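Engineer: Provided below are the primary sequence and the corresponding predicted coordinates.
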Amino acid sequence: VQLVESGGGLVQPGGSLRLSCAASGFTFSTYVMRWYRQAPGKEREWVATITGAGGMPNYGDSMKGRFTISRDNAKNTVYLQMNSLEPEDTAVYYCNAQGPHLTGRYNYWGQGTQVTVST
């Protein structure tokens with residue numbers, strides 16, 4: 001099983017980034033996918049969730065209206081479009097897969113991708 005995040009980097013405040021998480025080794029479409037983030041010195045924070053079929057996206061309060069989670073089951077990939085980025089969004093972003101379906105039997109993590117919002 002692998003989850004490989006990409007798309008992180010340095011961006012100025014107000015800018016945008018699109019993160020990707022490519023999955024392999026499990027039946028992607030049957031897993032709920034989530035993004036989390038962890039800033040230096042802080043606990044890991046939930047960012048967004050999307051169901052296996054791509055429905056019911058939901059977001060942490062500080063991300064609503066700025067971030068969009070989506071998935072392409074044909075490509076086994078989940079995305080996080082981040083707009084209007086703020087310095088407070090600086091963190092390592094991780095994708096997470098939990099499933100299959102609602103069992104929650106398996107829980108997988110990627111290695112993370114760094115997002116830095118700074119001038």
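Structural biologist: Alright, I've got the coordinates. Numbers count the residues shown, from 1 in each chain.

Engineer: Gln81 is in contact with Thr68, correct?
Structural biologist: Yes. Here Thr68 reaches Gln81: they are 4.4 Å apart, a contact under Cβ atoms under 8 Å. Where you see a C-beta, it was placed from the backbone N, CA and C, and this is true even at glycine.

Engineer: Which residue would you name as the spatial centre of this protein?
Structural biologist: Trp35 (2.8 Å; Cα atoms, centre = their mean).

Engineer: Quick check: closest non-adjacent residue to it.
Structural biologist: Once flanking residues are discounted, Trp35 sits nearest to Val47: 4.1 Å by Cβ to Cβ, 6 or more residues apart in numbering.

Engineer: So what's the residue count around that neighbour?
Structural biologist: 24 (other Cβ atoms under 10 Å).

Engineer: Contact partners for Gly7?
Structural biologist: Leu17, Arg18, Leu19, Ser20, Thr113 (Cβ atoms under 8 Å, 6 or more residues apart in numbering).

Engineer: partners of Phe67 in the sheet?
Structural biologist: Beta bridges link Phe67 to Met82, judged by DSSP bridges.

Engineer: got the contact list for the residue of the chain most remote from its centre?
Structural biologist: Farthest-out residue of the chain from its mean C-alpha position, per Cα atoms, centre = their mean: Thr119, at 23.6 Å. Contacts for Thr119 (Cβ under 8 Å, 6+ apart) come out as Gln12, Pro13.

Engineer: any idea how far Ser70 is from it?
Structural biologist: 29 Å (Cβ to Cβ, to the nearest Å).

Engineer: Likewise for Val47?
Structural biologist: With Cβ to Cβ as the criterion, Val47 and Ser70 are 13 Å apart.

Engineer: now do Gln81
Structural biologist: Distance from Gln81 to Ser70, by Cβ to Cβ: 7 Å.

Engineer: With Leu10 as the reference, measure out to the residue farthest from the centre of the chain.
Structural biologist: From Thr119 to Leu10 the distance is 10 Å (Cβ to Cβ).

Engineer: What segments of this structure are helices?
Structural biologist: Assigned by DSSP state H, the chain shows no helices.

Engineer: Just the endpoints, please. Distance across stretch 90-107?
Structural biologist: 25 Å (Cα to Cα, to the nearest Å).
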